[in-house]
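Asker: Quick check, what structure comes out for this input:
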Amino acid sequence: MTPSLRTSVTDAIRNAIPFLVITGLWIVIMLAVYGVFLVTKPDGITYSPWVHASVFAVPGVGFLGHVLQQALAGGRA
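Answerer: Residues are numbered from 1 along each chain as shown. Alright, predicted model coming up:
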């Protein structure tokens, strides 16, 4: 690889690491919220699938907002 290509690849990887860390954190947060939801559910209550899906809605919107922000940044540091 030429020095400029090597630098470009290194910069792309370096810029992707924070995004991957934040993605991992969002996954952990969403699973933690869902776990709290399941643990605090009253006995004898069953929820429809849409209720279970709604637990992921708020963190999912935040995650998608971050993805959009990164896409619009276009690799700028």
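
Asker: hey, where'd the helices end up in the protein?
Answerer: 3-39, 49-55, 57-73 (DSSP state H).

Asker: can you redo these as TSV with mean neighbour count and mean pLDDT?
Answerer: In this view, the C-beta of every residue, glycine as well, is placed from N, C-alpha and C. Formatted as TSV, those follow (neighbours: other C-beta atoms under 10 Å; pLDDT from 0 to 100):
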stretch	mean neighbour count	mean pLDDT
helix 3-39	12	82
helix 49-55	12	83
helix 57-73	12	78
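
Asker: Lys41 - nearest residue in space that isn't next to it in sequence?
Answerer: Tyr47 (7.3 Å; C-beta to C-beta, 6 or more residues apart in numbering).

Asker: ok, that neighbour - how many residues close by?
Answerer: 13 (other C-beta atoms under 10 Å).

Asker: Surely Phe37 and Phe56 touch.
Answerer: No: here Phe37 does not reach Phe56: they are 9.7 Å apart, not a contact under C-beta atoms under 8 Å.

Asker: re the thing from before, ok, so what distance separates the residue nearest to Lys41 from Gly35?
Answerer: 15 Å (C-beta to C-beta, to the nearest Å).

Asker: Quick check: the gap between Leu68 and Lys41.
Answerer: Counting by C-beta to C-beta, the gap from Leu68 to Lys41 is 32 Å.

Asker: now do Val21
Answerer: On the measure of C-beta to C-beta, Val21 and Lys41 end up 31 Å apart.

Asker: likewise Phe56?
Answerer: Taken as C-beta to C-beta, the span from Phe56 to Lys41 is 16 Å.
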